[in-house]
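Engineer: I need the structure of the sequence given here:
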Amino acid sequence: MEMNIKKITDNISVATFDPNENSFKTFADKGFKSVINLQTEDEEQNVSSKKEETLANDNSLNYKHFGVSKDNLSQSMVDNFRQELESLPTPIVVHCKSGKRSGAFVMMHIGCQKNMSGEEVIEQAENMGFECDVPELEQFLKKYVNEH
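Structural biologist: Predicted coordinates:
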């Protein structure tokens, strides 16, 4: 399995794959201090979020879980996610299954920090290789960033 980790800022990276049991040792070896998981319990994944938490703890990593699906996408969820990005020890690696949700959530955070427009954030995300091919997510991202 290719361990593709995209560095977004000095403090935040996105893993564009679904971690397995060995990934957490790799995250720790690469110097990450925290892991945020955006997968939901009912999607197919290599390891459950409960197991991830154990693996994270075993490797001295802080761990947070936000199950994000297009059905439960909300502003408060993004707000909570952004608070974690601000408060967790860095560097932080964020993952979902493919990096789409992670990329979108991280880019919303950065867009708000930099006072970018939603359109600019989408453009920057695409330039970094994140495809926003989920229309609901793209609409949500633009709206969130434009309102913050």
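Engineer: center of this structure - which residue?
Structural biologist: residue 102 (2.8 Å; C-alpha atoms, centre = their mean).
Engineer: which ones are touching that one?
Structural biologist: 14, 15, 16, 36, 38, 94, 95, 96 (C-beta atoms under 8 Å, 6 or more residues apart in numbering). C-beta coordinates here come from the backbone N, C-alpha and C atoms, glycine included.
Engineer: for it, helix, strand, or coil?
Structural biologist: helix (DSSP: H, G, I helix; E, B strand; the rest coil).
Engineer: Let's see the pLDDT reported for it.
Structural biologist: With respect to pLDDT, residue 102 has a value of 95.
Engineer: Identify each buried residue in the host helix or strand of residue 141, please.
Structural biologist: Element membership for residue 141 (DSSP states H and E) is helix 135-147. Buried residues in helix 135-147, counting neighbours by 16 or more other C-beta atoms under 10 Å, are found at 137, 138, 140, 141, 142, 144, 145.
Engineer: pLDDT and distance to residue 42 added to those, as JSON lines?
Structural biologist: Formatted as JSON lines, the buried residues of helix 135-147 follow (pLDDT from 0 to 100; distance: C-beta to C-beta, whole Å):
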{"residue": "137", "pLDDT": "88", "distance to residue 42": "18"}
{"residue": "138", "pLDDT": "90", "distance to residue 42": "23"}
{"residue": "140", "pLDDT": "94", "distance to residue 42": "20"}
{"residue": "141", "pLDDT": "94", "distance to residue 42": "23"}
{"residue": "142", "pLDDT": "95", "distance to residue 42": "27"}
{"residue": "144", "pLDDT": "96", "distance to residue 42": "24"}
{"residue": "145", "pLDDT": "96", "distance to residue 42": "28"}
